[in-house]
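> take this sequence and fold it.
(2 chains)
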Amino acid sequence: MGMTMTEHILARASGQARVQPGDLVVCRVDRAVLLDLNFGALFGEKRIRRLADPRRVAIVLDHSVPAPTVADAENHRRARAFAAEFGIRHFYDVGAHGICHQVIAEQGLALPGQLLACGDSHTCGAGAFNCAARGMGAEMLAIVCTGQTWFRVGPTVQYVLHGQLRERVAAKDVFLHIAGTYGEHANTNVEFTGPGLATLSVMQRHTIATMCAEISADFALFPADEMLEAYLAGRASEPYEPVHSDPDARFAEVRHIDLSALEPLVALPHTVVHNVRRLAELRDVTIHQAFIGSCANGKLEDLAAAARLIAGRRVAPGVRFIVTPGSQEIYKQALRAGYIETLVEAGAVVTNSTCGACPGLHMGVLGPGERCITSSTRNFQGRMGSPEAEIFLASSESVTAAAITGRLTDPRDL
Amino acid sequence: MRYRGRVWTFGDNINTDLMMPQVAFRLPLEEQVKYVFRANRPGWVEQVREGDILVAGRNFGTGSSRPAARLLRHLGITCVVAESLNGLFFRNCVNFALAPVQCPGVRSAFTEGDTAEVDLVAGTVTNLRTGACLQGEPLPELLRQIIAAGGLIPLLQQQGYLE
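The predicted model follows:
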């Protein structure tokens, strides 16, 4: 019996010929990524004596950047001291920063066939690079100290993609279709394959893989293909060896998705699980805020789509349209391409790159009774601020359409 | 490793932002715990006592890597039994010595206020009021050792990695 991509990586990292669902394996971790929040309670109070391998550790300041509070400033200070003490070369301080998952992508820190751990739940996004990546909590401490950690090997669901997305239908809609139709995937891995893959850019795949955290998938992997090789050329941090699912790999289920048949979708407050509607059905929902950003959708493609839609139009009166690039690098590219000027001239606020409004930390926090449409990652109750606010989750195209009309809008209607 | 305690019941898809909202991030632990389930279950924090057990539905703990399990343990919860647990939350439970057990059928087998007995080695969950005994997933020895050490941080201290 063959293995899935996830099983191949866990077998390789645990030094075994094969693993199967139900196994508990101890694996060597190829890359450990820490963020500013990790330097709060965990790394702040505990003095680490030694690291397994400082070359395999990266640090990205992302959740609250630049520091909006003294507590955040203290976390940043501790991160800088840690980087200096242990000689961490991959340290992304304010100015070279971005949301950690975007920085991981841009710097080629997540590579095909490798195992990556990071102290944020959306780490599974690096599955777009054929890398087994998952979010961790306190064991980031153990991983930087020992270089390894344990994994329970779960069953894998395979999604076979066919066709091509139509205009103004986005990668986010692919995920919303999965969450709305199939619900949560707790303790299960997700893998993507099929002829439709070739029509999705690496960053579109990254959006889908990142969002798989929202259905509780353990790992979310895409195969390595020519498009990925081209993306990694010149940015991979070291040589790598991709993995492929064997022809006789065992999947818990195989599900087919016709990309050509998808429409703009929206998740209603407060979960994406079995809570998704067609935007065309919801025309009378007014909004106070529209947000584009996060590790899932703060990409250059998102800013480009928003700028294209809003060019020659304006943000609706009474609506705050906030756009947060996923990294300083994206910010620079969007600046050069003119997207930021277009957005700001239309009435949007373009912020510095950070997690910011997505986890409700700063720059776009919601008040009681407010309604927001966002292309970020989560619409949990209270996620972006007040528990009495409502969060609708959709693509950046759909968020921009709502910013223009002041209400939930199918972007194809503009 | 066995736990016996009073049961609190929760539904499906209970997320980490409900357990630990972002307004608690920058506060000390003693202040953070006051925000647990404030949005969906105000007043609950005052009623919890040491040794209590949570019995929940599917996908409990979905969401963020934030140390929500640490807050539940600090409030006195010793064990979380659910139809299924989010994988990241499961890890955080082990790390903060909050015993996690996945046990299909458990949600409908308990009413709030019942007494549960949980055996981590056998993976069994018993309702001491009704006598119903369910077979859940045993917790592997490697993970039981982390819980027995009081969590990951005490373990790393024992092993000499942390001061």
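
> so who does residue 136 touch?
With no chain named, the answer covers chain A. Contacts for A:Met136 were tallied using Cβ atoms under 8 Å, 6 or more residues apart in numbering or on different chains; they are A:117-119, A:123, A:143, A:149, B:65, B:88, B:91. Backbone N, C-alpha and C define where each C-beta goes, glycine included.

> ah, no, chain B please
Taking Cβ under 8 Å, 6+ apart as the test, what B:Gly136 contacts is B:81, B:101-104, B:106, B:123-125.

> got a pLDDT number for it?
pLDDT recorded at B:Gly136 is 98.

> any idea how many residues pack against the closest residue to it other than its chain neighbours?
Using Cβ to Cβ, 6 or more residues apart in numbering or on different chains and skipping residues adjacent in sequence, the residue nearest B:Gly136 is B:Cys103, 2.8 Å away. Neighbour count of B:Cys103, defined by other Cβ atoms under 10 Å in any protein chain shown: 21.

> which residues are in contact with B:Cys103?
So B:Cys103 contacts B:81-83, B:123, B:125, B:134-137 (Cβ under 8 Å, 6+ apart).

> now the residue nearest the centre of chain B, what's its secondary structure?
Geometric centre of chain B, nearest residue: B:Val80, 3.3 Å, by Cα atoms, centre = their mean. The three-state assignment at B:Val80 reads strand, by DSSP: H, G, I helix; E, B strand; the rest coil.

> is the residue nearest to it when sequence neighbours are not counted in a bridge, and if so with what?
In space, and not counting its chain neighbours, B:Val80 is closest to B:Leu54: 4.7 Å by Cβ to Cβ, 6+ apart. For B:Leu54, the beta-bridge partners are B:Trp8, B:Val80 (DSSP bridges).

> let me know the pLDDT of B:Leu54.
Here the pLDDT value assigned to B:Leu54 is 98.

> residue contacts, it?
Residues near B:Leu54 by Cβ under 8 Å, 6+ apart: B:7-10, B:60, B:72, B:77, B:79-82.

> any chance of JSON lines for those residues, columns pLDDT?
As requested, the contacts of B:Leu54 are exported to JSON lines (pLDDT from 0 to 100):
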{"residue": "B:Val7", "pLDDT": "98"}
{"residue": "B:Trp8", "pLDDT": "98"}
{"residue": "B:Thr9", "pLDDT": "98"}
{"residue": "B:Phe10", "pLDDT": "98"}
{"residue": "B:Phe60", "pLDDT": "98"}
{"residue": "B:Leu72", "pLDDT": "98"}
{"residue": "B:Ile77", "pLDDT": "98"}
{"residue": "B:Cys79", "pLDDT": "98"}
{"residue": "B:Val80", "pLDDT": "98"}
{"residue": "B:Val81", "pLDDT": "98"}
{"residue": "B:Ala82", "pLDDT": "98"}
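
> wait, isn't A:Ala280 in contact with A:Val266?
No - counting by Cβ atoms under 8 Å, A:Ala280 stays clear of A:Val266, with 9.9 Å between them.

> hmm, back to that, buried subset of the contacts of A:Met136?
By neighbour count, with 16 or more other Cβ atoms under 10 Å in any protein chain shown, the contacts of A:Met136 hold A:117-119, A:123, A:143, A:149, B:65, B:88, B:91 as buried.

> in strands, which of the residues you listed fall?
Among these, the ones falling in strands (DSSP state E) are A:117-118, A:149.

> from these, which single one is nearest A:Gly312?
A:Cys118 (40.3 Å; Cβ to Cβ).

> and which of the contacts of A:Met136 is nearest to A:Pro223?
A:Thr123 (19.0 Å).

> give me the element A:Gly22 is part of.
Assignment of secondary structure by DSSP states H and E places A:Gly22 within no helix or strand.

> in space, what's closest to it - neighbours in sequence excluded?
Leaving out its chain neighbours, the residue that sits closest to A:Gly22 by Cβ to Cβ, 6+ apart is A:Val153, at 6.6 Å.

> so who does that neighbour touch?
Applying Cβ under 8 Å, 6+ apart to A:Val153 gives the contacts A:6-7, A:10, A:19-25.

> next one: A:Gln102
Taking Cβ under 8 Å, 6+ apart, we find A:Gln102 in contact with A:295, A:298-299, A:326-327, A:329-330, A:353.

> how about CSV for those, with neighbour count and pLDDT added?
Compiled in CSV, these are given as follows (neighbours: other Cβ atoms under 10 Å in any protein chain shown; pLDDT from 0 to 100):
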residue, neighbour count, pLDDT
A:Cys295, 31, 98
A:Gly298, 31, 98
A:Lys299, 29, 98
A:Gly326, 31, 98
A:Ser327, 28, 98
A:Glu329, 19, 98
A:Ile330, 24, 98
A:Ser353, 24, 98
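
> using TSV, lay out those together with secondary structure and distance to A:Ala305.
What follows is these, written out as TSV (DSSP: H, G, I helix; E, B strand; the rest coil; distance: Cβ to Cβ, whole Å):
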residue	secondary structure	distance to A:Ala305
A:Cys295	helix	17
A:Gly298	coil	12
A:Lys299	coil	9
A:Gly326	coil	14
A:Ser327	strand	17
A:Glu329	helix	18
A:Ile330	helix	13
A:Ser353	coil	18
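
> and the residues you listed, which two are furthest apart?
The largest distance within these, taken as Cβ to Cβ, falls between A:Cys295 and A:Glu329 and amounts to 13.7 Å.

> just checking, what packs against the strand or helix carrying A:Asn75?
Assigned by DSSP H and E, A:Asn75 belongs to helix A:70-86. Counting contacts by 3 or more Cβ pairs under 8 Å, 6 or more residues apart in numbering or on different chains; DSSP states H and E, helix A:70-86 packs against helix A:41-45, strand A:57-60, strand A:90-92.

> okay, strands next: where are they in the stretch 301-414 of chain A?
A:320-323, A:349-350, A:371-374, A:390-393 (DSSP state E, counting those that start in this stretch).

> can you say which of the ones you listed is packed in most?
strand A:371-374 (a mean of 27; mean count of other Cβ atoms under 10 Å in any protein chain shown).

> just list what that one packs against, helices and strands only.
strand A:289-292, strand A:390-393, helix A:396-405.

> export the ones you listed as a markdown table, with columns for distance to A:Gly108 and mean pLDDT.
Output for the helices and strands packed on strand A:371-374, formatted as a markdown table (distance: least, Cβ to Cβ, whole Å; pLDDT from 0 to 100):
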| stretch | distance to A:Gly108 | mean pLDDT |
| --- | --- | --- |
| strand A:289-292 | 25 | 98 |
| strand A:390-393 | 29 | 98 |
| helix A:396-405 | 25 | 98 |
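
> reformat the ones you listed as CSV; add distance to chain B.
Shown next, in CSV, are the helices and strands packed on strand A:371-374 (distance: least, Cβ to the nearest Cβ, whole Å):
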stretch, distance to chain B
strand A:289-292, 15
strand A:390-393, 11
helix A:396-405, 20
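
> now those in CSV, please, with extra columns for distance to A:Gly369.
Shown next, in CSV, are these (distance: least, Cβ to Cβ, whole Å):
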stretch, distance to A:Gly369
strand A:289-292, 12
strand A:390-393, 9
helix A:396-405, 18
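
> closest one to A:Met211 among the ones you listed?
Closest among those, using Cβ to Cβ: strand A:390-393, at 9.1 Å.

> if we can go back for a sec, just the contacts of B:Gly136 now: which is nearest chain A?
Closest approach to chain A among the contacts of B:Gly136 (Cβ to the nearest Cβ): B:Gln102, at 7.5 Å.

> show me which residues of the stretch 201-350 of chain A are close to chain B?
A:213-214, A:216, A:218, A:271, A:273 (Cβ under 8 Å from any Cβ of the partner chain).

> can you list which of the residues you listed are found in helices?
Assigned to helices by DSSP state H, none of these qualify.

> nearest residue to A:Pro247 other than its sequence neighbours?
Nearest residue to A:Pro247 in three dimensions, chain neighbours excluded: A:Gly2, at 6.5 Å (Cβ to Cβ, 6+ apart).

> okay, buried residues for stretch A:167-186 please.
Within stretch A:167-186, judged by 16+ other Cβ under 10 Å, the buried ones are A:168-180, A:182-186.

> average pLDDT for it?
Stretch A:167-186 shows a mean pLDDT of 98.
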